[in-house]
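Asks: When you get a sec, could you give me coordinates for this:
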Amino acid sequence: MWIQPEEVLLAGALWVSERANPFFILQRRRGHGRGGGLSGPGLGLLVGTLDVVLDSSARVAPYRILLQTADSQIFWNIACGSSRKEITEHWDWLESNLLQTISIFDNDEDITTFVKGKISGIIAEENRPADSEEQEEDSGKFREAELKMRRLFGMPDEEKLVNYYSCSYWKGRVPRQGWLYLSVNHLCFYSFLLGKEVTLVVPWTEVTQLDKNATLLFPESVRVSTRLTEHFFSMFLNINDTFKLMEQLANIAMRQLLDNEAFAADRSLPKPCKTLKNVSALKRDLDARAKNERYRAMFRLTQDERLDGHTDCTLWTPFAKMHVVGQLFISNNYICFNSREEDLCQLIIPLREVTIVEKADSSSVLPCPVSISTKNKMNFLFANLKDRDFLVQRISDFLQRTPDSSWGDTSPLALIGHSVQSISRGRHYHPGLPTASCGLLQLYHQDTPEDLGPKAMKEKMKEESWNIHFSEFGRGVCMYRTSRTRDLVLNGIPECLRGELWLLFSGAQNEMATHPGYYGDLVEQAMGLCSLATEEIERDLHRSMPEHRAFQNETGIAALRRVLTAYAHRNPGIGYCQAMNIVTSVLLLYCTEEQAFWLLVALCERMLPDYYNTRVVGALVDQGVFEELTRAFLPLLYEHMQQLGVISTISLSWFLTLFLSVMPFDSAVLLVDCFFYEGIKVIFQVALAVLHDNMDALLSCSDEGEAMTILGRYLDNVVNKQTVAPPTPHLHALLTSGDEPPPEIDVFDLIKSSYEKFGTLRSDVIEQMRFKQRLKVIQSLEDTAKRSVVRAVMTESAFSIEELEELYCLFKSKHMTSCYWGSTSSAAERHDPSLPYLEQYRIDSAQFTQLFISLAPWVCGGHTPTLAARLFRLLDQNQDGLVNFKEFITGLSEFRPRKQKKKHNNLYHPSDNRTPSFALMCLPVWSSEDKVKDYRYYLRMWATEKEPKKETIKDLPRMNQEQFIEFCKTLYNMFSEDSSEQQLYHSIATVASLLLRIGEVGKKFSNNGGKKSVAAVEQAPPLSAPEGAESPCGELRPFYCDELMSFFVLTVSFGPGSAESLSGECQVIGALADAHLEDEDEASVSSYSVVSSGSLRCEDVADDDDAVLVGERRRGSTLDADWSISFEQALASLLTEAPLVDFFERKRDVRSKMAACRAQRAVERQTSSASDHELTPHTV
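Replies: Numbers count the residues shown, from 1 in each chain. Have a look, this model is predicted:
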């Protein structure tokens, strides 16, 4: 490739000159190619090692071209290449286009300037399309490193390098210094030390564990675990940055396994002011994503919010009369502040609420202040801003993009892919519904007489405390959130404020404010639609808090139905999951329908990610986190409960329903208060507190049932003594009876205890633990899916369980490759989570051909791709261009040894939807276009299909002459390189001769001898190839009878006694031809008359030197349209030859083929060979 000219002071150091002229020198790096240069192979190995160990990414190619002038000692590197072919093309271009031009220059400086300008122009011209279409921002050195990665590991252009690091890979007890390449889909390592090459490729989708640890053997290392092995990397320059990037890439791979979506680069990132050295655009993208995720999680913002920047500043807090030090965050819709000291102050200002942004007067006490005013008359003063003018300008830019109305001209239907329609209010959801203006609890309390008891007075005091808080800290989305706010939440939110504060703390308030009318539109669109989700919703409606009177009538049930159905319509990926009904019913008690809907959105999509999908992955992940926390905080109890297997049983229901299904309602709702403010960590704290309070009783348990009883009774008796609502009966059945009831536990004491004992938990630590558990959970689910698939297909396949598991891994690997390396269809079309596991993953024709060539027991030479394409077409019953794993195994199983009669049947015809190997070899049966049929034909076909009919071998179609030729040709290629090759060739020649004779005899008994013939060769229709299939000869053409004769005779002539065999075979065919020529009707030209005068062709059999030319090809050769044979005739003829029977009955070693297929993926190899790109060096 051409590179920007760089100065080179020592042109001969570690390089060998291979070509030279007065202006240019072509050099090869010592240690590459044949030999190590003038100083011997030892120096070459040393140089190759130094290139790997000390590589600075500037010397990635073993060849280069230097520009030199007569009077200058400075050389200019203008081109480099990874192979001799590449560098030779550049050399030839220089000699053809520049050498004569620069020879007329008188000044060496002019020559240098001209050549440098010319090379720079070429580079600019080559990069122009990439700059405009792909916004290429990577530095030249980084692009060279990416090219090196693709060359070393055989990656396609679609594989993008993110970053690369110098490190050591521990192979056994010996560290191998080299380079670690982290791409979007793979972890790769390369090392070359003293002639020993180590290459490692690990797909991120196969990583089961990623740890950063420090041991005596591996000091400060990173461990990458897969199902089969572990890899250790150490001696990083900055191990923390490397490990964070590894975590991101592994997390992206897990999302691919979950959602089946490929990684998409963010094209909206602003370009850097200058090209960053050795930092790719993808690395910037991933860094920005990580910052965005932290920002959104910190302030509970929506998934489309992107951080524009942040800066240190101070915020004046009027409630404390002091300046709080922290950071100011700016994004496209929000201005946020977070104090440096935890829980001191947090602030969220939506730009839709901002009215004025202005620069205040600076002073020594208040330098560089900015004042922001909002619609609710609040004023916020930020100071100590480093670049105040730029900050104000950015806020002004975002304000200009913020629409005055929340929606502007865009309908909320655009978010779900529907066209804009007029909303017909009043059918399913309108403002007149009772649940549209207040929560269900308020509906049933409005007629209740006012309670003036002590509990009601305490509730009034709580309301007054919150009102005082609002007057001091503000109310609404712009409220100051401090430690005082958290204390009020822990003491319990009043019922009248619960819905408002849930919306505020969860971030649902912002989403609802920016999407007015969205819920109503969803309800209108979703109602009346029938799907699996709506059926499940209807089944669970009456199971949702049936003990509460709000859901004992149609008002509550209808509201719950509308909210759940609307969300299922909004997010079909989740649809509906059990436990969503319980959580949503609680939300409806305190919120309106629309508020409950947006709270459900916040729960499912942000606060409890992946909890409510089909495999409840998020809940399983947090279950693993809970086990890890139990081991850290309660080690003795953890060991005992692991033996009982209790933790995994209890924790799933606790997390999925936020304790609502296992604790009295009035108590559990207080945990929901804390959850919306603190997040998931409060659920972990309370769960640990429950185990801690029952530790002694649990340690004395001897079985799982006893432990479940203890925990169930404990949670049943967690009470809220401050509630003013009438008691709601708790239907969680007591597991034991007859004993004295356990003492009541005040829920406030439980919450207080959880903060005192386990309050050190931090959200960022939980997220780190979630990542580790996510790897384990998703890979465990994948293993479970694999076992389920194997059990489902093992009874219908010819493979063992171990073979099926390996085939599933290979098939899935091909499917995943299509997700991130592109294909003819999108990943969404290939993956349908609603289908059974064995039908979810699908591959296209090209990937099927690759697997078939690698795994098929019978190699058919150049015909293998064509055979694979025919098989794919027959397996693809719905004709969508994809086959699933079940169909793949069905097709592959037909090539395994089975009962003799059944197997040869499959060779002939697609019986019972099995693989028609015989029909595959006879392409015209399936690839030729059918004649146009009228409606009566299809009516007869439909009527016939409705009649039960058992297929027999007599129902199989007969084979015509052209199909017979194709069949024999494929069989011939199949026997190539077999140990019994010669015997098989003799056998197939004998069988072919016999079948030719049978077909000729059969002609006499059909159609009175048949006098029809096909047109001449020039008029014969060509064989139609399947789409994407290539002929071994470049293009498909008909194989006529004379070529079949040549094929038979030529195969026999290769073995010992070829002369006798050739003579005998010619006598047989000649006799048949002579007998047939005695027919009086000369117009009927038989296949034998054609064969007798044919010529030998060897284009598909052997080298041209081995061909024996018998005669010239006759131009008038024809195909006989009346000639045909039946299945019984073909089967009987094949069974007469023992070598053929033994060949098809022979058990094939599929495991060796699978091992070879795995080796193609280059998981790990160690060689000491030279470069594969070398050609014979030119003489200088």
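
Asks: Can you check the distance spanned by stretch 670-689, start to finish?
Replies: According to Cα to Cα, to the nearest Å, stretch 670-689 extends 15 Å from its N-terminal end residue to its C-terminal end residue.

Asks: and it, how far out from the chain's middle?
Replies: Between the mean C-alpha point of stretch 670-689 and the mean C-alpha point of its chain there is a distance of 33 Å (Cα atoms, centre = their mean, to the nearest Å).

Asks: now do stretch 100-114
Replies: 54 Å.

Asks: same question, stretch 984-1002
Replies: With Cα atoms, centre = their mean, you get 52 Å for stretch 984-1002.

Asks: Same question for stretch 189-205.
Replies: Using Cα atoms, centre = their mean, we find the averaged C-alpha position of stretch 189-205 to lie 24 Å away from the chain's own average C-alpha position.

Asks: What of stretch 767-785?
Replies: With Cα atoms, centre = their mean as the basis, the distance from the averaged C-alpha position of stretch 767-785 to the chain average is 15 Å.

Asks: Restricting to C-alpha, output it in CSV.
Replies: Only the C-alpha atoms of stretch 767-785 are listed here, as CSV (Å, rounded to 0.1, in the frame of the first residue of the first chain):
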residue,chain,number,x,y,z
GLU,A,767,-22.8,-3.5,37.8
GLN,A,768,-19.3,-5.0,37.7
MET,A,769,-20.6,-8.2,39.4
ARG,A,770,-23.6,-8.2,37.0
PHE,A,771,-21.2,-8.3,34.0
LYS,A,772,-19.3,-11.4,35.4
GLN,A,773,-22.6,-13.2,36.1
ARG,A,774,-24.0,-12.3,32.7
LEU,A,775,-21.2,-14.2,31.0
LYS,A,776,-21.9,-17.2,33.1
VAL,A,777,-25.7,-17.1,32.8
ILE,A,778,-25.9,-16.5,29.1
GLN,A,779,-23.3,-19.2,28.3
SER,A,780,-25.1,-21.6,30.7
LEU,A,781,-28.4,-20.9,28.9
GLU,A,782,-26.7,-21.5,25.6
ASP,A,783,-25.4,-24.9,26.9
THR,A,784,-29.0,-25.7,28.1
ALA,A,785,-30.3,-24.8,24.7
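
Asks: quick one: contacts for the spatially closest residue to S506 that is not a sequence neighbour?
Replies: For S506, the nearest residue in space outside its immediate sequence neighbours is A602; the separation is 4.3 Å by Cβ to Cβ, 6 or more residues apart in numbering. (Each C-beta comes from the backbone N, C-alpha and C, glycine too.) When the contact criterion is Cβ atoms under 8 Å, 6 or more residues apart in numbering, the partners of A602 are 300, 506-508, 511.

Asks: The residue most central in space within the chain: what secondary structure?
Replies: Central residue check for the chain by Cα atoms, centre = their mean: the C-alpha nearest the mean position is that of Q256, 3.1 Å away. When the structure is reduced to helix, strand and coil (DSSP: H, G, I helix; E, B strand; the rest coil), Q256 reads as helix.

Asks: I'd like the distance between it and G520.
Replies: Distance of Q256 to G520, given as Cβ to Cβ, to the nearest Å: 36 Å.

Asks: Next: L629.
Replies: The spacing between L629 and G520, counted by Cβ to Cβ, is 42 Å.

Asks: Next, count neighbours for D1122.
Replies: Counted with other Cβ atoms under 10 Å, the burial measure for D1122 works out to 22 neighbours.

Asks: same deal with the one 5 residues further on?
Replies: Taking other Cβ under 10 Å as the criterion, the count of residues near F1127 is 22.

Asks: For E464, give its distance to H569.
Replies: In this structure, E464 and H569 are 42 Å apart, going by Cβ to Cβ.

Asks: Comparing those two, which shows the higher neighbour count?
Replies: Using other Cβ under 10 Å, the more surrounded residue of E464 and H569 is H569, with 20 against 11.

Asks: so who does the more buried one touch?
Replies: 416, 522, 525-526, 529.

Asks: let's see it at 7 Å
Replies: 522, 525-526 (Cβ atoms under 7 Å, 6 or more residues apart in numbering).

Asks: ok so W316 is a strand residue?
Replies: Yes. Inclusion of W316 in a strand is indicated when three-state DSSP is applied.

Asks: What segments of the stretch 751-900 of the chain are strands?
Replies: Taking DSSP state E, counting those that start in this stretch as the test, the strands found in the stretch 751-900 of the chain are 842-843, 883-884.

Asks: Would you tell me which one of those strands is buried the most?
Replies: Using mean count of other Cβ atoms under 10 Å, the stretch among the strands of the stretch 751-900 of the chain with the greatest mean number of neighbours is strand 842-843 (a mean of 26).

Asks: Just give me the neighbour total for T355.
Replies: Here the count is done by other Cβ under 10 Å, and T355 has 11 residues near it.

Asks: how would you label it: helix, strand or coil?
Replies: Put simply, T355 is strand when judged by three-state DSSP.

Asks: tell me the contacts of it?
Replies: In this structure, T355 makes contact with 373-375, judged by Cβ under 7 Å, 6+ apart.

Asks: Make a PyMOL selection of the buried ones in the residues you listed.
Replies: For anyone working in PyMOL, the buried entries among these, judged by 16 or more other Cβ atoms under 10 Å, can be selected with:
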select buried, resi 374
